[in-house]
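**Q** 3D model of this:
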Amino acid sequence: MTPDMLTTLRPLLVAEVSAEAYAAGAEAGDLEQAVWLRLLERLDADGPPADPEGWLRSAVRFEARLSRRKARAEQPYVSEPADDRAPGPEQQALTAARRRALHAAVRRLPGRCPRLLAALLSPQDLTYREIAGELGISQGSLGPERSRCLGCLRRLLTAEVAAREPRG
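**A** Prediction:
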């Protein structure tokens, strides 16, 4: 393709594309690019067209028909709206990591604390009476025992968090 051919065809292409774009439901720039690409492919395969202006007009109309056909075939994507209140994958991963770290720390506690706190953290949502029966202690001593175990857990987690902070 010679520079003369480019300067000669450009105004014609712009005019043809401007006339066809609206009816095709396409952007003029998109049609123009498609025709230039089609011309470059033709030049590589067959050389320049014998009638460049006629070829250009038919190429613009072909691309416009193709664009209309694609527009008719397109279907809007219909889906449920995203739930903005639900935690995203990052938040779910962080929550799961925190839960694993908490359960690992609970398992390292002394005495009856691991069993007591595991029962309190249970997804079964046990009552104090059920927890006391499971652990074999009185329901009245469950509150003080829970406070002591939570204090141990707090000290354990504070020591771990403080040890991880960078110094200096």
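**Q** Which helix runs longest in the chain?
**A** helix 139-164 (DSSP state H).
**Q** list the helices and strands it packs on?
**A** helix 89-107, helix 113-120, helix 128-135 (3 or more CB pairs under 8 Å, 6 or more residues apart in numbering; DSSP states H and E). C-beta coordinates here come from the backbone N, C-alpha and C atoms, glycine included.
**Q** To residue 65, which of those helices lies closest?
**A** For these, distance to residue 65 was read as CB to CB. The smallest value, 43.1 Å, belongs to helix 89-107.
**Q** So which bits of the closest one are buried?
**A** 105-106 (16 or more other CB atoms under 10 Å).
**Q** can you give me the angle it makes with helix 139-164?
**A** 120 degrees (axes from the mean of the first three to the mean of the last three CA atoms, to 10 degrees).
**Q** Need the helices and strands packed on helix 139-164 in TSV (columns: distance to residue 49 and mean pLDDT).
**A** As requested, the helices and strands packed on helix 139-164 are arranged in TSV below (distance: least, CB to CB, whole Å; pLDDT from 0 to 100):
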stretch	distance to residue 49	mean pLDDT
helix 89-107	53	91
helix 113-120	80	92
helix 128-135	87	90
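**Q** Nearest to residue 14, out of these?
**A** Relative to residue 14, the nearest member of the helices and strands packed on helix 139-164 by CB to CB is helix 89-107, separated by 47.0 Å.
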